[in-house]
Every structure is written in structure tokens, then in C-alpha cells.
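[1] just need the structure, nothing else, for what follows:
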Amino acid sequence: MAYEAQIAGVGDNPAGRPYYARAVRYMQRKSGAELAQRRGAIAAAVRAVTPLDFVNGGGTGSIEKTTAEDAVTEIGAGSGLYQPVLFDSYLGFSGRPAALFALPVVRRPGPGVVTVLGGGYLASGPAQASRLPRPYLPAGLRLDAQEGAGEVQTPLLGQAADELAIGDRVWFRHAKPGSCASGSPSCT
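    Below is the predicted model:
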């Protein structure tokens, strides 16, 4: 089993970062070529000693690259298949959100603003907007750039807020797979 995190786990098309994207794609091309050669050599060496039924490789962001390797017999597709926010920045993979969590509206501070109870979990990694859960339904809501997703409450902005009543649910997408694993009451 092999997981190529530098390919499968790094988005190659982050919004607003064209030079970084180009560098990531270059690194992934070089690394992918080396990995294919190394994985093939390892599989051949093991087969010289004993039968080898499975050679696993890949991850959500590298499915199409890893399936092209002759040595690989199965793909680890990864939890990105439920399309959390971090997987929106991949050129070679797109999906539809398939796992969400809901938070109730608890306040309506003014026009175009609602506050929901809690905020879900942030994804691990550097503190940045891409690590925050994102409002999904109803469409047209966004996090407040000054507040983000809070542990106690989360203000949401947008015209869709005017259609929500106290007790209505707002559905969010997780930022990253596993971000709901610690048993949050928000993870329903």
C-alpha cells in the first residue's frame, strides 16, 4: 500500500494562486514519474520472491495518475470522494458534496445576517480560510471574514439569511475529510 500525499493530498489549482499552482503541478509531475518507476521496481522485487496479489496506490487527488501505472492493481480513492471543501482545488478530480452537517439558526441580528449555533470543526493545517467549513445550503450564505466559524456561534452573511427563521438549519460542507471524527454534536 502506498499513499502519495504530495500528489493525492495537495490541490493543484488553488483559487487566486496561479504561480503556486504551477509549482505544485511541476512537483507532482516529477514526483509521479519517480513514484511510478519506484513502485514498479518494488512490485517486481516482491514478485521475484513471492506471489503478489495487490499493489495499492493513490488517493482522491491522484486517481487518474495512479491508475495509469502498470504495477498498481487497486486504488485507494480516499475520503475526498464526499467532496469536502479542500478538494475543490483539484484540476483532475471533481465530485459533488456527499457529506454535510447542519447547524440551527439561533439569532437574526439584522438584514442579511443570521447566527448559527456552533461552527463545526476546522481542518488541521495552516490557519487560513480554506481550513474552515463552508455554508452550502441554502445557497447564498458566506462566513463573515472577521469571524470565521466559531466554536460557540457562527455569523453568516448574504441575502439568503433574510429567508431563514430561528430554528431553521444551515447545511455546511466539511473543510477536510475526518474533520468531524471527534464526536462533535454538530456532526449529525
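[2] only C-alpha atoms for contact and neighbour calcs from this point on.
    Noted.
[3] low-confidence ranges, the protein, go.
    For the chain, the stretches with pLDDT under 70 are 177-188.
[4] one more pass at 50, please.
    Across the chain, the ranges flagged by pLDDT under 50 are 179-188.
[5] ok, which stretches of it are strands?
    Secondary structure of the chain by DSSP state E: the strands cover 56-57, 74-75, 100-110, 113-117, 134-137, 142-143, 153-157, 169-173.
[6] what comes into contact with the third one?
    Which is strand 100-110. Contacting residues not belonging to strand 100-110 are listed as 114-120, 164-174, 186-188 [Cα atoms under 8 Å, 6 or more residues apart in numbering].
[7] tilt between that strand and strand 113-117?
    Calculated by axes from the mean of the first three to the mean of the last three Cα atoms, to 10 degrees, strand 100-110 forms an angle of 130 degrees with strand 113-117.
[8] any buried residues in strand 100-110, and which?
    Using 16 or more other Cα atoms under 10 Å as the test for burial, strand 100-110 gives Leu100, Phe101, Ala102, Leu103, Pro104, Val105, Val106, Arg107, Arg108.
[9] mind listing what that strand pairs with, with the direction of each?
    strand 113-117 (antiparallel), strand 169-173 (antiparallel) (DSSP bridges).
[10] out of the ones you listed, the one nearest Ile63 is which?
    Proximity to Ile63 (Cα to Cα) singles out strand 169-173 among the strands paired with strand 100-110, at 22.2 Å.
[11] so how far is that closest one from its chain's centroid?
    In this view, strand 169-173 has its centroid 16 Å away from the chain centroid, taken as Cα atoms, centre = their mean, to the nearest Å.
[12] number the chain from 681, please
    Okay, using 681 as the starting number, the last item reads as strand 849-853.
[13] which residues sit against that strand?
    764-765, 777, 779-785, 796, 813-818.
[14] run the last query once more with 10 Å
    Residues outside strand 849-853 that contact it (Cα atoms under 10 Å, 6 or more residues apart in numbering): 762-766, 777-786, 794-797, 799-800, 812-819, 821, 836, 841, 844, 866.
[15] relative to strand 833-837, how tilted is it?
    Using the same axes, to 10 degrees: strand 849-853 against strand 833-837 is 90 degrees.
[16] quick one, helices of this protein?
    685-688, 698-727, 743-746 (DSSP state H).
[17] quick one: end-to-end length of stretch 722-732, please.
    This stretch, stretch 722-732, spans 11 Å end to end (Cα to Cα, to the nearest Å).
[18] next, the buried residues of it.
    Applying 16+ other Cα under 10 Å to stretch 722-732 flags Ala723 as buried.
[19] and what of stretch 733-743?
    Of the residues in stretch 733-743, Val735, Asn736, Gly737, Gly738, Gly739, Thr740, Gly741, Ser742, Ile743 count as buried by neighbour count, 16+ other Cα under 10 Å.
[20] which one of those residues is nearest to Ile722?
    Val735 (9.8 Å).
[21] what residues are up against the closest one?
    Val735 touches Met681, Ala682, Arg719, Gly720, Ile722, Ala723, Asp750, Ala751, Val752, Thr753, Glu754, Ile755, counting by Cα under 10 Å, 6+ apart.
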